[in-house]
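In: no letters, just coordinates:
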Ligand SMILES: [Zn+2]
């Protein structure tokens, strides 16, 4: 194959990867061995095992010798998995390590989140969640995503991130089985992160559907993490008492008081 042709194909694969990461529903492509060789030739930690043709992220994680996320096939499959779990490119940088490197706006809040993660298995088993509250730009969403990345890197992909406004939008737009499947995932996944509680504009049927998902998760002891800018009073004005009880019952409330880092934090 001509070098120019090779580069062209490589660029096309890369652009497809980027295109796919725009839409969560679109990521089901199985990558061929040939494509793998074009994107990442021979720099895997074990070429016999660590390639991704037809393999899922968890397969590659299991097979990858070093379990080091610099192994290109593992990294590639991992990023695809993040998108499947609702985490878009913009937030792929958000791991505990990189948050620590960039500077933590609120040490106390950070420590409390870390403590939750240190006992993640127990917390997920008991359905314990978190409510991360505070002003815009204090790092709530990044930390919620860091929790998910920690979980996914340890091989558990049963988690999902969604801004509440998108969640409601999806419920509204999807039809029939497609909607049922989506709602089912929201009710059942081991960890659900709902971003920006209180920023949604909805009422009536869609709002009821959302409250129903929260109640079901509560009854099934599934952990939910919320981020929100709302104060306790604003929360009371907005949601019914029943649902506020559901939010709070199994959840630790963490207040973020640090200065906004928005603008300083950049995706890497
Ligand atoms: Zn490897």
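Out: That came through fine. These numbers come from a predicted model, not from an experiment.
In: okay, CA-based contacts and neighbour counts for the rest of this
Out: Fine.
In: quick one: which helix or strand includes the closest residue to residue 171 other than its chain neighbours?
Out: With sequence-adjacent residues excluded and distances taken as CA to CA, 6 or more residues apart in numbering, residue 171 is closest to residue 179, at 6.2 Å. According to DSSP states H and E, residue 179 maps onto helix 176-188.
In: do the same with residue 131
Out: Per DSSP H and E: strand 129-134 holds residue 131.
In: strand partners (parallel or antiparallel) of that strand?
Out: Partners of strand 129-134 in the sheet, by DSSP bridges, are strand 223-228 (parallel), strand 251-256 (parallel).
In: list the buried residues for the helix or strand that that strand is followed by?
Out: Later in the chain than strand 129-134, the nearest helix or strand by DSSP H and E is helix 140-153. Neighbour counts over helix 140-153 (16 or more other CA atoms under 10 Å) mark 140-149, 151-153 as buried.
In: want to try CSV for those residues, with pLDDT as columns?
Out: CSV is the format used below for the buried residues of helix 140-153 (pLDDT from 0 to 100):
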residue, pLDDT
140, 94
141, 95
142, 95
143, 96
144, 97
145, 98
146, 97
147, 98
148, 98
149, 98
151, 98
152, 97
153, 96
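In: now render those as a markdown table, adding distance to the ion.
Out: Formatted as a markdown table, the buried residues of helix 140-153 follow (distance: CA to the ion, whole Å):
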| residue | distance to the ion |
| --- | --- |
| 140 | 32 |
| 141 | 30 |
| 142 | 27 |
| 143 | 27 |
| 144 | 27 |
| 145 | 24 |
| 146 | 22 |
| 147 | 23 |
| 148 | 22 |
| 149 | 18 |
| 151 | 19 |
| 152 | 16 |
| 153 | 14 |
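In: could you dump those into CSV with distance to residue 89 added?
Out: CSV is the format used below for these (distance: CA to CA, whole Å):
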residue, distance to residue 89
140, 17
141, 14
142, 12
143, 15
144, 15
145, 12
146, 13
147, 16
148, 14
149, 13
151, 18
152, 15
153, 16
